[in-house]
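A.B. asks: For reference, the sequence and a predicted model appear below.
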Amino acid sequence: MSRHPEVLWAQRSDKVYLTISLPDAKDISVKCEPQGIFGFSAVGVQGELYDFSLELFGKILPEKCKTKVGLRNIICSVQKEEKGWWKRLLKSEEKPAPYIKVDWNKWCDEDDEGSNSDLASNDDDAEHVGQNDESSDDEGMLYLPDLEKL
């Protein structure tokens, strides 16, 4: 039986960002289908299988979907077929599964999109997305040299 990794999501008018929390994952497979199906599978550090499939709110462009694999997570940038804000992540109006959560670090309201948010501008480079996310885990943490100053 497979498990579900934690999935954080945020959106812009043209993209949906999915951050899958799965440290040291192997055999990662990401599938994007035009009708809005997003599929993921991977093997965890102890050999356990993780997978899920989401029916997204709208249609997507699979050829423009990008994936960046980091040490702690997998970041997927999913291009929407039509520019516009989705009411929710999934097509279903039911409450999403407990492993799907809002990514407040990347969240941007519709009226804030034009401002200087970290991902709102040009993020065509997958490396750009990964660089922002990998450092976000350490935000607000004190480092040992900082502790010595206290």
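C.D. replies: The structure has been received and is ready for your questions.
A.B. asks: can you give me the helices for this protein?
C.D. replies: Under the criterion DSSP state H, the chain contains helices at 126-136, 144-149.
A.B. asks: weakest of the ones you listed in terms of mean pLDDT?
C.D. replies: Note on the helices of the chain: lowest mean pLDDT is at helix 126-136, with a mean of 40.
A.B. asks: what about Tyr99, how many neighbours?
C.D. replies: 15 (other Cβ atoms under 10 Å). In this view, the C-beta of every residue, glycine as well, is placed from N, C-alpha and C.
A.B. asks: sorry, that was for Ser77
C.D. replies: With other Cβ under 10 Å as criterion, Ser77 counts 22.
A.B. asks: swap in Ile37?
C.D. replies: 16.
A.B. asks: what sits opposite Lys31 in the beta ladder?
C.D. replies: Gly39 (DSSP bridges).
A.B. asks: who are the neighbours in contact with it?
C.D. replies: Lys31 makes contacts with Ile37, Phe38, Gly39, Phe40, as judged by Cβ atoms under 8 Å, 6 or more residues apart in numbering.
A.B. asks: Can I get the residues you listed in a markdown table including pLDDT and distance to Ile74?
C.D. replies: Output for the contacts of Lys31, formatted as a markdown table (pLDDT from 0 to 100; distance: Cβ to Cβ, whole Å):
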| residue | pLDDT | distance to Ile74 |
| --- | --- | --- |
| Ile37 | 98 | 17 |
| Phe38 | 98 | 12 |
| Gly39 | 98 | 13 |
| Phe40 | 98 | 8 |
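A.B. asks: Is it possible to get CSV of the residues you listed that adds distance to Tyr17?
C.D. replies: As requested, those are exported to CSV (distance: Cβ to Cβ, whole Å):
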residue, distance to Tyr17
Ile37, 17
Phe38, 12
Gly39, 17
Phe40, 14
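A.B. asks: Can you say which of the residues you listed are buried?
C.D. replies: Ile37, Phe38, Phe40 (16 or more other Cβ atoms under 10 Å).
A.B. asks: which one is the residue nearest the centre of the chain nearest to, not counting chain neighbours?
C.D. replies: In the chain, the residue lying closest to the centroid (Cα atoms, centre = their mean) is Leu18, at 1.8 Å. Leaving aside its sequence neighbours, Leu18 sits nearest to Cys76 (Cβ to Cβ, 6 or more residues apart in numbering; 4.4 Å).
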